[in-house]
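Chemist: Dropping the sequence and predicted coords here.
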Amino acid sequence: MATLNKQILLASRPQGEPTVDNFKLVEQPVPALAEGQVLVRNHFLSLDPYMRGRMNEGKSYAQPQPLNEVMIGGTVGEVVESKNSHFKVGDKVVGMGGWQQYQLVDANQRGVLQKVDTTHVPLSAYLGAVGMPGVTGWYGLVKIIDPKPGETVVVSAASGAVGGAVGQLAKVRGCRAVGIAGGPDKCRYVVEELGFDACIDYKQHKDVKSLNAALKDACPKGIDGYFENVGGMILDAVMLRMNAFGRMAMCGMISGYNGEPIPLSAPQLILVNRLKIEGFIVSEHMEAWPEALKELGMLVATGKLKYRETVAEGIESAPEAFLGLLKGRNFGKQLVQLV
């Protein structure tokens, strides 16, 4: 009897905020393997903010998620059947398996599956600190901000999978790391567990003036590097504190993911402070991944890079967990456990 594969499809495009009704759960039998194919049982699914942008039909840096197809997403799992000489049953792998329990792939395609070693790094970490989020943080910090010892680096969404890595990597490089996060628990975690020098709770600040004052206290020497995940008022407040020749890595704009405009209150500061502002998509910089993963893997294996995971249970829980992620309900990396 064929194995059944539970999948979650994008059923409709959201108008404004997404809801669970935009998704549909289906069951499909897993087809028989052809030569060169590999069947992976996904153990964990990664939920990430970029998925919200892919749900829209408009122009963006990536193709929209097609309707009535399995939602895109990074996965880690185990090979359970193989007709490919490069992969054997029991191999642990990372790939883009999507929101489903099983992934059938032509493993002759280069890069579609990567074997991973779970001796010193837990399997789930390959979706977070030693995966796309970690590499995203590494690339924006190392290649765009390029911090020097003694400089101040600020990161928004600091308790998340990307932001948490940025601050810790900045500390390794001798910088002052200041986070911005939502709520006292997240700020406490950023300072006490991740080792940031300070963390500002943006929920305590209702306007740019108030947030600017908090940043002035946390960054007495100004801000040299800023890793942006949010946009909006937070970006406006940070720009007021940027030093001359500051660098800003633009990674995410979650404040505008539902189509809201994101005006910039003082764009003249880009000129006045000769700021370098660069947006980036980490999948376009594959040449940097080996160097990034080497450092991230070593830091996680030796306990020097800390991270936290929020884990939802079962494929059915993915839509609700994803909506919670967009509202900041997760703590650290949001995963769905599928086994």
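Modeler: In hand now; what should we look at? Because the structure is predicted, anything quoted here is derived from the model rather than measured.

Chemist: For the most centrally placed residue in the chain, which non-adjacent residue is spatially closest?
Modeler: Nearest to the mean C-alpha position of the chain, by C-alpha atoms, centre = their mean, lies Pro133 at 3.9 Å. Excluding the flanking residues, the one nearest Pro133 by C-beta to C-beta, 6 or more residues apart in numbering is Ala161, at 3.7 Å. No exception for glycine: its C-beta is placed from N, CA and C like everyone else's.

Chemist: quick one, what contacts the one you found?
Modeler: 128-129, 133-134, 307, 332-334 (C-beta atoms under 8 Å, 6 or more residues apart in numbering).

Chemist: Closest one of these to Glu295?
Modeler: The nearest member of the contacts of Ala161 to Glu295, counting by C-beta to C-beta, is Gly134 at 9.1 Å.

Chemist: List the residues that contact the closest one.
Modeler: 128, 161-162, 165, 292-293, 296, 305.

Chemist: repeat that with 6 Å
Modeler: 165, 296 (C-beta atoms under 6 Å, 6 or more residues apart in numbering).

Chemist: How many residues are close by the residue nearest to Ala11 when sequence neighbours are not counted?
Modeler: Nearest residue to Ala11, sequence neighbours excluded (C-beta to C-beta, 6+ apart): Lys24, at 3.9 Å. Applying other C-beta atoms under 10 Å, we find 16 residues neighbouring Lys24.

Chemist: Remind me which helix or strand Lys24 belongs to.
Modeler: Using DSSP states H and E, Lys24 sits in strand 23-29.

Chemist: That strand - contacts with which helices or strands?
Modeler: Where contact means 3 or more C-beta pairs under 6 Å, 6 or more residues apart in numbering; DSSP states H and E, strand 23-29 is packed against strand 4-10.

Chemist: relative orientation of the strand it packs on and strand 23-29 in degrees?
Modeler: Between the axes of strand 4-10 and strand 23-29, defined by axes from the mean of the first three to the mean of the last three C-alpha atoms, to 10 degrees, the angle is 150 degrees.

Chemist: Leaving out the residues flanking it, which one is nearest to His86?
Modeler: Here the residue nearest His86, using C-beta to C-beta, 6+ apart, is Ala107, at 6.0 Å.

Chemist: How much space separates the one you found from Ala321?
Modeler: Using C-beta to C-beta, to the nearest Å, Ala107 is found at 29 Å from Ala321.

Chemist: Same check on Met248?
Modeler: Separation of Met248 from Ala321 (C-beta to C-beta): 30 Å.

Chemist: Which of those two has more residues huddled nearby?
Modeler: Met248 (24 against 20).

Chemist: what's near enough to touch the more buried one?
Modeler: Met248 sits in contact with 226, 277, where contact means C-beta under 6 Å, 6+ apart.

Chemist: can we see that at 8 Å?
Modeler: Met248 touches 144-145, 225-228, 242, 275-278, counting by C-beta under 8 Å, 6+ apart.
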